[in-house]
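# I'll drop the sequence and a predicted model, then ask my questions.
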Amino acid sequence: MKVKVISRSTDEFTRERSQDLQRVFRNFDPSLRSQEKAVEYVRALNAAKLDKIFARPFIGAMDGHRDSIKCMAKNPNYLKAIFSGSDDGDIRLWDIASRRTVCQFPGHQGAVQGLTVSTDGSVLVSCGSDCTVRLWNVSDANLADSDYLSDNSSKPQAVYIWKNAFRAVDHQWDGDLFATAGAQVDIWNHNRSQPVNTFDWGSDTTISIRFNPGEPNILATSANDRSITLYDLRMSSPARKVIMRTKTNSIAWNPMEPMNFTAANEDCNCYSYDARKLEEAKCVHKDHVSAVMDIDFSPTGREFVTGSYDRTVRIFQYNGGHSQEIYHTKRMQRVFCVKYSCDASYVISGSDDTNLRLWKAKASEQLGVVLPRERKKHEYLEAVKNRYKHLPEVKRIVRHRHLPKPVYKAANLRRTMIEAERRKEQRRKAHSAPGSIVTEPVRKRRIIKEVE
Amino acid sequence: MGAKKENSDDEMDEKVKKYLRGEAANLEGLKDKKLKGQLAVREDLYGKSAKTAAKIEKWLLPSEGGYLEAEGIEKTWRIKQESIAREVDILSSRNQYDIVLPELGPYSLDFTSNGRYMAAAGRKGHLAIVDMKTLNLIKEIQVRETVRDVAYLHNELFFAAAQKKYPYIYNRDGTELHCLKEHGAVLRLQFLKNHFLLASINKFGQLRYQDVTMGEMIGNFRTGLGRTDVMQVNPYNGVVALGHSSGTVTMWKPTSAVPLVKMLSHPGPVSSLAFHPNGHVMATSGRENKIKIWDLRKFEVIQTLPCHAKTLNFSQKGLLAAGTGSFIQILADFSGSQNYSSYMTHSMAKGYQVGKVLFRPYEDVLGIGHSMGWSSILIPGSGEPNFDSWVANPFETSKQRREKEVHSLLDKLPPETIMLDPTKVGTVRAAQKKEKPTKKEIEAEMEAAIETAKDTDFKKKTKGRNKPSKRATKRREMISRAKRPFLEQRTQEHETSRKKQKTEMPKSLQRFVRQKAT
């Protein structure tokens, strides 16, 4: 007869010396494990709860400005720095890691309306309501040997004076032109003291302007006549225009899908459009209760952050109809500008109360160096939470956010009003001839017309 | 070469099927392209991971299982333990022994889940803990009371003994930690590992579930079917099965006072019960010398064996041990189609009455508790050769044991997750058809609405506005408003029935369809 019995020798399965690692043996057979789904569900519930325990998004506030902050700019070459401009003409360069001012750029007589940095990080362009455009030299050398506390201020490289006050400025991603928005759209070169080109379509002031990250010659602007206009620099006339019901305060292009842009509108929503097809919005992002003032995309192109007049900062998924995350503080007043940091980990908001605030992009993220085992554990918990996040108990915990009372009440009020509208529309439809009343989808509803 | 390759492919396919844990989702009906794309990526990932797991199983597992093959005209069930002991290595032959303790009564055994420690309880009050690796007696105590059963809790530090009046929980050092007074005189104890629940059945047929982490009593049910000492936990789904003297087997969960399943299995009392580790197969034996193998998905008998069994136990690899008198028979299904036949037998010295048989996890050993003590015999091919350190580690250090305890407490399942089909967690419940209320019910509702409308009190108006005629019209208006939704429903139903009638009739007869005057 042939016989064999399981016999394990202890040496093979235990370690020799205490310096050795413990040996781990795996057998992935599902019959060894019972009730796997229930165990995963319990882990998802615990992961959701832990997430909420570790959700501390606010890192710190940067204090220094003496008036409300209207605009910010990030230097694409230097991760730690951010420029901010305020209503009293003060432009500051901040070191985000220590949350201190590195350098100040005095010079503007009135409010600084727009700031932008050239793509190679050498020139900072600022424009203001004193009808001037100033160029500052901000190459790395300048930033590196700076001393925080001493009164560091620079002289502008160039000052160009023009006819009207400016509202916004943006630099081309792949060239040396920059565009300003004011009574008309002007295209400037660094070395010329007069605009190289001017675009004018419509009779109202242009309030924001953005160059396309993929196509260096395309830019989008929004004007006070509730329109969004797309310009092409190679053609001498504007390309397309879409008129909405309310004005757009700011536009941001998706860096990973450069044909899409998202517009932050006065009617508390953000509208994502495909620039090739402006007749219908791709997605409507609802959740704010007051005008959305500024919007910025994450470098991953998957999320964007918005700051609104209702004192909150919200983070949305690029294709999500509702916000993923909301940040608010008692001391933060109307948020006028937001920026996503270039490593997609932080969000910076500038508000009415003269402070810049630094927040984490993912509220429960562990900052600093994460060991590989920790990272794996975080990834596992995230995955198991996403698998069960549709179940009621887990969903309740994952969705829960504390809202400030005015925002909560305003949101409820909006909801009742919208519900009432919808119900009335439904009843009108039910009591009229079928087909006589047509409901427009929300994506189209806010667009009045598209003009070539 | 071609045939061989095909065979190995089939093997791999079977293995992959095992790791896939069910069928892939059918994505044809989905219209949402984004969702379809995301799910397709997921399904692809599952397929890949199942293939990798199958490859690991084939190439990377350290140990191979045991086997016993007879040569020539020899039959496996005639092979005696002595001949096996001669052929195997010394370490394994140490696992074959008899401990004779005649004065202390029939012994009951329990193993920890990693198979390393054993707790033995003699009826006359002898409790002993043995380390099976070194065959070291860790502790023995004499409680001077009848002990009917012993069960380990989540690790070797704690065990529960069902003593004369109440069950007690002891430490590894023999210190009495708790006296569980609420349970009463317990006949059998079982521990549900994933839920940390101690289940007990007592002399009066009351089933109790207690959470051993917080000491909370989760459930207390009167089975109503009398005294029984046949109780087993199904490791697959955590359901407790009781075998009663009327021949019924009932299955219980801690959140309902009514059993989940009640099945009539034997004409006489059920003498023992055992669950296969895959959870779909159950073996029951009755006094009429028959063992029935059940399929629990359909609740049907797969096989009936003419074999007497006072105690039954399934091993990790699916071998069934049946013990009666001083004779133990091991049954195995060789083809995998649940067709059990005799594999090995063992008879002990006359006078030894087998009380309990229990396979030792992760070893090819069968522990037998009998009236003269306990024994251990070798059954090749019964244990799982490859253990997983995160599930149960026979070579656990104390640090690993502490970590495991904390992790298993974090993963403790709530008692509501015990259900007959444990894969239902997280799935969508089938939409329940709402039953239409009958005519009488609708009329009753209408009457109730009218009554409430009649009972409303109106504001007392002054200055000549409170005329009786006005009050009467107001009241009539309220009643008609209460009636309106029911009348609307009625007209809608009439419309739909009329339309239906019209379409059902052949065309030539449609003009004769009676149109009820509304």
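Yep, it's here.

# can you list contacts of stretch B:40-52?
Residues outside stretch B:40-52 that contact it (Cβ atoms under 8 Å, 6 or more residues apart in numbering or on different chains): B:12, B:16, B:19, B:20, B:24, B:25, B:27. C-beta: built from backbone N, CA, C; applies to glycine.

# one more time with 6 Å
With contacts defined as Cβ atoms under 6 Å, 6 or more residues apart in numbering or on different chains, stretch B:40-52 is touched by B:16, B:19, B:20, B:24.

# what about it, distance to the chain center?
Centroid displacement of stretch B:40-52 relative to its chain, using Cα atoms, centre = their mean, to the nearest Å, is 29 Å.

# what residues does chain B have near chain A?
Taking Cβ under 6 Å from any Cβ of the partner chain, the part of chain B that reaches chain A is made up of B:21, B:53, B:66-71, B:74, B:84, B:87-89, B:91-92, B:194, B:235-236, B:277-278, B:363-364, B:378, B:380, B:383, B:385-386, B:388-389, B:391, B:395, B:411, B:413, B:417, B:422-423, B:425-426.

# let me see the contact set for residue 301.
Since no chain was named, I'll use chain A. A:254, A:255, A:256.

# oops, wrong one, chain B.
Contacts of residue B:301 (Cβ under 6 Å, 6+ apart): B:292, B:294.

# now the buried members of the residues of chain B next to chain A.
By neighbour count, with 16 or more other Cβ atoms under 10 Å in any protein chain shown, these hold B:53, B:66, B:68, B:84, B:87-88, B:92, B:194, B:235-236, B:277, B:363-364, B:378, B:380, B:383, B:385-386, B:388-389, B:395, B:413, B:417, B:422, B:425 as buried.

# among the contacts of residue A:301, who's most crowded?
Neighbour tally across the contacts of residue A:301 (other Cβ atoms under 10 Å in any protein chain shown): the maximum, 21 neighbours, falls on residue A:254.

# find the nearest non-adjacent residue to that residue, please.
In space, residue A:254 comes closest to residue A:260 once its chain neighbours are excluded; the distance is 4.5 Å by Cβ to Cβ, 6 or more residues apart in numbering or on different chains.

# so what sits opposite the one you found in the bridge?
As for beta bridges, residue A:260 partners with residue A:274 under DSSP bridges.

# separation between it and chain B?
Residue A:260 sits 15 Å away from chain B, going by Cβ to the nearest Cβ, to the nearest Å.

# that residue against residue A:252, yeah?
No. Contact criterion Cβ atoms under 6 Å: residue A:260 and residue A:252 do not qualify, at 9.9 Å.

# can you check the pLDDT for residue 327?
Just going to use chain A. If you check residue A:327, the pLDDT there is 97.

# actually it's chain B I care about, not the one you picked
So, for residue B:327, pLDDT stands at 93.

# what's around the closest residue to it other than its chain neighbours, how many residues?
Here the nearest residue to residue B:327 in space, its sequence neighbours aside, is residue B:347; by Cβ to Cβ, 6+ apart that works out to 4.9 Å. The number of residues packed near residue B:347 is 13, by other Cβ under 10 Å.

# residue B:347 against residue B:328, yeah?
No. Assessed by Cβ under 6 Å, residue B:347 is found out of contact with residue B:328, at 7.5 Å.

# for the stretch 351-452 of chain A, what lies in contact range of chain B?
Residues of the stretch 351-452 of chain A found near chain B (Cβ under 6 Å from any Cβ) are residue A:388.

# where exactly do the helices run in the stretch 351-452 of chain A?
Counting by DSSP state H, counting those that start in this stretch, the stretch 351-452 of chain A has helices at residues A:372-387, A:392-399, A:405-430, A:442-445.

# dump those into a markdown table; add mean neighbour count and mean pLDDT as well.
Compiled in a markdown table, the helices of the stretch 351-452 of chain A are given as follows (neighbours: other Cβ atoms under 10 Å in any protein chain shown; pLDDT from 0 to 100):
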| stretch | mean neighbour count | mean pLDDT |
| --- | --- | --- |
| helix A:372-387 | 13 | 95 |
| helix A:392-399 | 14 | 94 |
| helix A:405-430 | 12 | 94 |
| helix A:442-445 | 13 | 79 |
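
# out of the ones you listed, which is closest to residue A:338?
helix A:405-430 (16.6 Å; Cβ to Cβ).

# phi and psi next, for residue B:485.
Backbone torsions for residue B:485, taken as degrees, to the nearest 10, come to phi -60, psi -40.

# and it, how close does it get to chain A?
From residue B:485 over to chain A (counting by Cβ to the nearest Cβ), the distance is 15 Å.

# contacting residues around that residue?
Shown in contact with residue B:485 (Cβ under 6 Å, 6+ apart): no residues.
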